[in-house]
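Visitor: task: produce atomic coordinates for the following.
(2 chains)
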Amino acid sequence: MALFLTKRFLQALFVVFAVTLLVAWAVRLSGDPAIMLTGGAGSVTEQDLVNIRNALGLNRPFHEQYLGFLYGLLHGDLGNSFVGGTPVTQLVAKALPATLMLAAAAIFVSIALAVPLGIRAAIKRGSAEDQAIRIASLAGLSFPNFWLALMMVLVFSILLKWLPPSGFDGPVSLILPAVTAGVINTAANVRLVRTSMLETLSAQYIMVARAKGLAERVVLYKHALRNSAIPLVTYVGIQFGNLVAGLVVIERVFNWPGMGSLAFDAVAGRDYPVLQGVVTVFAILIVSVNLLIDILYGLLDPRIRTE
Amino acid sequence: MLNRFSRLSMAAAAAALVLGTAPAGAGGRLSVAQALDPGTWDPIDTFLVDWSKVANNIYDGLIQRGADMRLTPALATSWKVADNGLSIRFELRKGVTFHNGEPFDAQAVKYTFDRLLGTEGGKGPQQSNYNVIERVEVIDDHTVNMVLKKPDPVLLIKLAGYGAMIVPPKYVAEKGDAYFNTHPVGTGPFMLESYEPKVGIKLKANPNFWGGAPKLDGIDFRFIAEPGTEVAELQAGRLDIATLIPLSQIETIKKQANLDVLSVPGPTVVVLRFNTKNGITKDENVRKALIMAVDRDTITKEILLGQAKPIVSFQSEISFGYDPNLKPLPYDPAGAKKLLAAAKVAPGTAVQLDIRGNDSTFREVAQAVAGYLQGVGLKPTVKPYETSVLLNDIIPAGKTGEMFHTQWGGWTFDFDNTAYLMYHTGEKWNPYDSDPKLDALLEKQRSITDQNERLKLLREVGAYVAGRALELPLYNLNTFVGINKRVKGFDLPGDNRYRFLNVTVE
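Guide: Below is the predicted model of the structure:
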């Protein structure tokens, strides 16, 4: 078991290392931050650009810059933003909770919509209602997220004036982005709930439950839903990573100060440290979650840890 | 972060929701959106216009320039140029204090420029603008002498902004640069209330401002990078001024009764420059033919929806050096065809336009230009580049096609800023051409401080360049913002460096 854990841990470490190296290398292909910083300035000479590059540490060879980044990372320091010199850890510490909050709210919206709709479609299988739900969810899946976001803003912020169109002014600000991100994921989840519900409903213990004379509501929600929820929970876990990636667009449209907005600005401004920081933090998060799951599987299934 | 979700903010948000407007105090608060958070409020660290939108309210220079583009006294009450333009003596305003209570005096001026021109300033993009300053000498508490390495006719304008904003010496020395970046202190009409990186910055009125207290209680700047989102916030009544709005939304905004769009000529001018070294554009007559082939009036009217004006030389009409008497080549496709035929350019000859690919408006313009060129029998292709690649690798290395997109615009509105870098031999942005006569003109106007003489020389540069057809002049873009009509007393400055001293909200 110790060998298994060590192996998994070293693998995880290697993945994080590889990601940071790849990002550090790739981001430096994207253009000169000194030019971006002086953008449009007529009087900037080549010497000024050299001075700025020196001040940013970009004159050092790549391996030195990268080792410096790794050294900082091990000490909990992700460097300073090229734009304004704010420590990256400070920016991430503000943006990460905002993104996680939005992601959690989006998942909540998605489940709250998908479960009742999926069950309804399953018990009315083949009916017009089932068709309607399936077509609607297919439509939901097909929406480009930015378009949906704009439509939501148009209707709920500009026409009805119910909700703020953007920003971070308290719980009301969470509603539009969460619903937008949630609706897009709902489509897939409705189909998942429907399928797994259909499977469960044909199981023998449901027949038994009905034969006992239990109310249909109890059969559905107490016996069937609990069992058919397992694939949904697994799938939502997998969705989480994709959801966070998709939030980049949603965050920008709703001006949500999360990791997506941070990454977006960093790409536009060639802000290497911020971009490296954001990607590294996500890499560590996702690798850690996977490592945890690997360990859990190992604990549950002896065959895996002796592989 | 969670403390933002306090009951107070909920209540405020709910109130804002019900009223459909931002909550207002006695003098009221103005809410302004801008695209970017410059990340630092230190004058020597940035070149972003979005820095100036905010910081022009926090700091003062020795001189100031308002929306009317006139230079007026600020922290200096008067100044005198001496020694053939090699020194400037400033009499400083008395009784002025910084927001932290520190007195403003000659030492503060000296400290500001020592810092700008020293190692600290060398880390940022501002130093290059002020390199002409040799040193600042303190004469007495309220007099300084600025010694220059050589005359710089544009320096007085530069002292009205950016790197030349006066900073408090004790405060910066005690608190350090990193702290100063996020906690700016100046002498201006508004002072820092709070700054939340990537979200916004709030300013409050400085009751002790030397020019009289501002009428507003405060200003809330919000960073909103998506133009559509700024418009939505404006339409929802949660924003007073949206500074980044898409051209296509201007009519939508104007249709809403409580909103308006303000528009003035801006600093940005756009041209397609020619490769004068290789290919068919080596020939001056071919270049003239290409200019005559394109109907620039229609482009500004149809694609830029009137938010731009055709230009003749590479500057706007508010630029120093603009010549109202300089006439453009006419739109004349038949004449263009004749010139091309005379130059033995065969129909179907390829012409490549290198453009910045991320500028969707200009992509449309380039397509239109390509269409016109096709109209005179050429075979144009539009080649979009990543902006930084075009600026870093393609233009300076002289690897462009026949024509390449250049847009320029300094906040100084002085043609020197553009002309020298575009046309002088050996400059980074001039990879193809070398013209001793043009070099001489450009050098001469830099060496003299007599502004009338300079104006004449700069006009001569403009006419000479137009005569040689070094570029296809396109247009000067307007500066425009969406505004709620409850805002009164706001003059939109073309350079977007706002000063909200006399603004009120209803």
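Visitor: and chain A, what are its domains?
Guide: Here chain A is described, according to automatic domain parsing, as comprising the domains A:1-83+A:271-307, A:95-268.
Visitor: take these and lay them out in JSON lines including mean pLDDT, mean neighbour count and distance to B:Y372.
Guide: In this view, the C-beta of every residue, glycine as well, is placed from N, C-alpha and C. Rendered in JSON lines, the data for the domains of chain A read as follows (pLDDT from 0 to 100; neighbours: other CB atoms under 10 Å in any protein chain shown; distance: least, CB to CB, whole Å):
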{"stretch": "domain A:1-83+A:271-307", "mean pLDDT": "82", "mean neighbour count": "16", "distance to B:Y372": "28"}
{"stretch": "domain A:95-268", "mean pLDDT": "86", "mean neighbour count": "18", "distance to B:Y372": "32"}
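Visitor: which parts of the stretch 251-400 of chain B sit against chain A?
Guide: Counting by CB under 8 Å from any CB of the partner chain, the residues of the stretch 251-400 of chain B lying close to chain A are B:386-389, B:391-392.
Visitor: I would like a PyMOL command selecting only the buried ones among those residues, please.
Guide: The command below creates a PyMOL selection of those among those that count as buried (16 or more other CB atoms under 10 Å in any protein chain shown):
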select buried, chain B and resi 387+388+391+392
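Visitor: any idea which of the residues of the stretch 251-400 of chain B next to chain A the model trusts least?
Guide: Across those, no position has a lower pLDDT than B:S388, which has 74.
Visitor: please name the nearest non-neighbouring residue to that one.
Guide: Closest residue in space to B:S388, ignoring its immediate chain neighbours: A:G31 at 3.1 Å, by CB to CB, 6 or more residues apart in numbering or on different chains.
Visitor: B:L339 now?
Guide: With sequence-adjacent residues excluded and distances taken as CB to CB, 6+ apart, B:L339 is closest to B:A289, at 3.8 Å.
Visitor: correct me if wrong: the one you found contacts B:V376.
Guide: Yes - taking contact to mean CB atoms under 8 Å, the distance of 7.1 Å between B:A289 and B:V376 places them in contact.
Visitor: so for these two, which residue has more residues nearby?
Guide: Legend: neighbour count by other CB atoms under 10 Å in any protein chain shown for B:A289 and B:V376, higher for B:A289 (29 against 24).
Visitor: so which bits of the helix or strand encompassing that one are buried?
Guide: Taking DSSP states H and E as the definition, one finds B:A289 inside helix B:284-293. Of the residues in helix B:284-293, those with enough neighbours to count as buried (16+ other CB under 10 Å) are B:284, B:286-293.
Visitor: kindly export that helix (C-alpha atoms) in PDB.
Guide: Extracted as PDB, the C-alpha positions of helix B:284-293 are listed here (Å, rounded to 0.1, in the frame of the first residue of the first chain):
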ATOM      1  CA  GLU B 284       5.000  56.700 -56.100                       C
ATOM      2  CA  ASN B 285       2.400  56.800 -58.800                       C
ATOM      3  CA  VAL B 286       1.100  53.300 -57.900                       C
ATOM      4  CA  ARG B 287       0.800  54.400 -54.300                       C
ATOM      5  CA  LYS B 288      -1.200  57.400 -55.500                       C
ATOM      6  CA  ALA B 289      -3.400  55.100 -57.600                       C
ATOM      7  CA  LEU B 290      -4.100  52.900 -54.600                       C
ATOM      8  CA  ILE B 291      -5.100  56.000 -52.500                       C
ATOM      9  CA  MET B 292      -7.400  57.200 -55.300                       C
ATOM     10  CA  ALA B 293      -9.000  53.800 -55.600                       C
END
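Visitor: what packs against the helix or strand hosting B:K301?
Guide: Under DSSP H and E, the secondary-structure element containing B:K301 is helix B:296-302. In terms of contact count using 3 or more CB pairs under 8 Å, 6 or more residues apart in numbering or on different chains; DSSP states H and E, helix B:296-302 is assigned the packing partners strand B:308-310, helix B:360-375, strand B:471-484.
Visitor: so where's the longest helix in chain B?
Guide: Here the longest helix in chain B is taken by residue count, with DSSP state H as the criterion, and it is helix B:451-468.
Visitor: and the stretch 151-300 of chain A, which residues reach chain B?
Guide: Those residues of the stretch 151-300 of chain A that sit near chain B, judged by CB under 8 Å from any CB, are A:153-154, A:157-158, A:161-173, A:252-255, A:257, A:261-262, A:264-265, A:270.
Visitor: the closest residue to chain A within the stretch 301-450 of chain B in helix, strand or coil?
Guide: Across the stretch 301-450 of chain B, the shortest distance to chain A (CB to the nearest CB) belongs to B:S388, at 3.1 Å. Classification of B:S388 into helix, strand or coil gives helix, according to DSSP: H, G, I helix; E, B strand; the rest coil.
Visitor: now A:V279: closest residue in space, sequence neighbours ignored.
Guide: The shortest distance from A:V279 to any residue other than its chain neighbours is 4.7 Å, reached at A:V23 (CB to CB, 6+ apart).
Visitor: of all residues in the stretch 51-200 of chain A, which one is closest to chain B?
Guide: Checked against chain B (CB to the nearest CB), the nearest residue in the stretch 51-200 of chain A is A:G84, 2.0 Å away.
Visitor: how close does that residue sit to B:Y498?
Guide: Separation of A:G84 from B:Y498 (CB to CB, to the nearest Å): 20 Å.
Visitor: can you give me the helices for the stretch 301-450 of chain B?
Guide: Secondary structure of the stretch 301-450 of chain B (DSSP state H, counting those that start in this stretch): helices at B:333-342, B:360-375, B:387-389, B:415-423, B:436-447.
Visitor: phi, psi for B:R65 please.
Guide: The phi and psi values for B:R65, taken as degrees, to the nearest 10, are phi -130, psi 120.
Visitor: let me know the helix or strand that the residue nearest to it when sequence neighbours are not counted is in.
Guide: What sits nearest to B:R65 in space, not counting adjacent residues and going by CB to CB, 6+ apart, is B:A160, at 4.2 Å. For B:A160, there is no enclosing helix or strand under DSSP H and E.
Visitor: hang on, B:A160 packs against B:L71?
Guide: Yes - taking CB under 8 Å as the definition, B:A160 is a contact partner of B:L71 at 6.3 Å.
Visitor: name the SS class of the nearest residue to A:V219 once chain neighbours are set aside, please.
Guide: The shortest distance from A:V219 to any non-neighbouring residue, by CB to CB, 6+ apart, is to A:A209 (4.9 Å). Judged by three-state DSSP, the three-state class of A:A209 is helix.
Visitor: which ones are touching A:A209?
Guide: A:A209 makes contact with A:218-219, A:223 under the criterion CB atoms under 8 Å, 6 or more residues apart in numbering or on different chains.
Visitor: B:A160 and B:L71: who's more crowded?
Guide: Ranked by neighbour count (other CB under 10 Å), B:A160 and B:L71 place B:A160 first, with 22 against 15.
Visitor: ramachandran coordinates for the more buried one?
Guide: Dihedral angles for B:A160 - degrees, to the nearest 10 - are phi -90, psi 10.
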